[in-house]
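Colleague: Pasting the sequence and the predicted model now:
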Amino acid sequence: MKLYSNILGEGAPLLILHGFLGMSDNWKTLGKEFADAGFQVHLIDQRNHGRSPHSEDFSYLLMAKDIKEYCDAHKLENCILLGHSMGGKTAMLAASLFPHIIEKLIVADIAPKYYAPHHQQILEGLQAVDRASLSSRGEAEDLLSQYVKEAGVRLFLLKNLYWKSKGKLALRFNLDSLVQNVENVGEALPEDAFFSKPTLFLRGGNSNYITSEDIPLIKSHFPEAEVETIPNVGHWLHAENKDAFFTAVMRFL
């Protein structure tokens, strides 16, 4: 699958993978900072997200193979792979399957464990938006606010809206496939997945996605892993405190 990407800067390749219902644009500001710091940054839309192709098939194995194909197509080696949430799961699996092309791994606020589905309300709201005939972003926000109370989450989700044709708004991601495959999003990393190169796990101090109890599991898959906490931020740690996130990543690199 030919993934869409936005490539910034020159230097060692740094591939950034967004989370569930996100897209590469979410990382544009940080991407520019990493590019200015001397990296060639690849902001990638994963399958069924952003401007990348849609597919009925959706699993971490497929998404990890998509990354390998992307690296082959762009002749990339010695890559640094950074993923947030769902993108972190993809990055973990890709690093374990293709360690010969991945030099370092950075995982933002997700552990290798199983997570129960917890996006139902959001997906219901997005389906309501998808079904409605909307002529403005304001109408979409009003409708989504009946399902999603947090303004920041609504803003993040509605970044996926675009003008499909004159007067017709649509969502970029493949909502049908994501709804059908939502069980796959919480899947644990396979027990035999292993990556022995330098790895950084960053967790939000106010987030419960990575707990202290998860650290032995992280170390069993990633023996060289460091786990660092960014204080006073939740699951969207890179958006909530961009500077602290950037500093932590640069210190590791």
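Modeller: Cool, got the structure. Residues are numbered from 1 along each chain as shown.
Colleague: Which parts of the stretch 1-150 of the chain are helices?
Modeller: 28-36, 60-73, 86-97, 120-131, 137-144 (DSSP state H, counting those that start in this stretch).
Colleague: Could you identify which of those helices is most buried?
Modeller: helix 86-97 (a mean of 26; mean count of other C-beta atoms under 10 Å). In short, each C-beta sits where N, CA and C put it, glycine included.
Colleague: Show me what that one is packed up against.
Modeller: Counting contacts by 3 or more C-beta pairs under 8 Å, 6 or more residues apart in numbering; DSSP states H and E, helix 86-97 packs against strand 12-17, helix 60-73, strand 79-84, strand 102-108.
Colleague: Quick check: Tyr147 vs Asn174, distance?
Modeller: 19 Å (C-beta to C-beta, to the nearest Å).
Colleague: Take the helices of the stretch 1-150 of the chain and write them to JSON lines, including distance to Leu105 and mean pLDDT.
Modeller: Below are the helices of the stretch 1-150 of the chain laid out as JSON lines (distance: least, C-beta to C-beta, whole Å; pLDDT from 0 to 100):
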{"stretch": "helix 28-36", "distance to Leu105": "15", "mean pLDDT": "98"}
{"stretch": "helix 60-73", "distance to Leu105": "12", "mean pLDDT": "98"}
{"stretch": "helix 86-97", "distance to Leu105": "5", "mean pLDDT": "98"}
{"stretch": "helix 120-131", "distance to Leu105": "28", "mean pLDDT": "95"}
{"stretch": "helix 137-144", "distance to Leu105": "34", "mean pLDDT": "94"}
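Colleague: For Ile230, name its beta-bridge partners.
Modeller: Gly204 (DSSP bridges).
Colleague: Just give me the neighbour total for it.
Modeller: 22 (other C-beta atoms under 10 Å).
Colleague: surely it meets Asn206?
Modeller: No - look at Ile230 against Asn206 with C-beta atoms under 8 Å: they stay out of range, at 9.5 Å.
Colleague: So what touches the helix or strand containing Ala248?
Modeller: Taking DSSP states H and E as the definition, Ala248 sits inside helix 242-252. Residues outside helix 242-252 that contact it (C-beta atoms under 8 Å, 6 or more residues apart in numbering) are 29-30, 33-34, 37, 82, 104, 106, 108, 198, 200, 202, 226, 228, 230, 233, 237-238.
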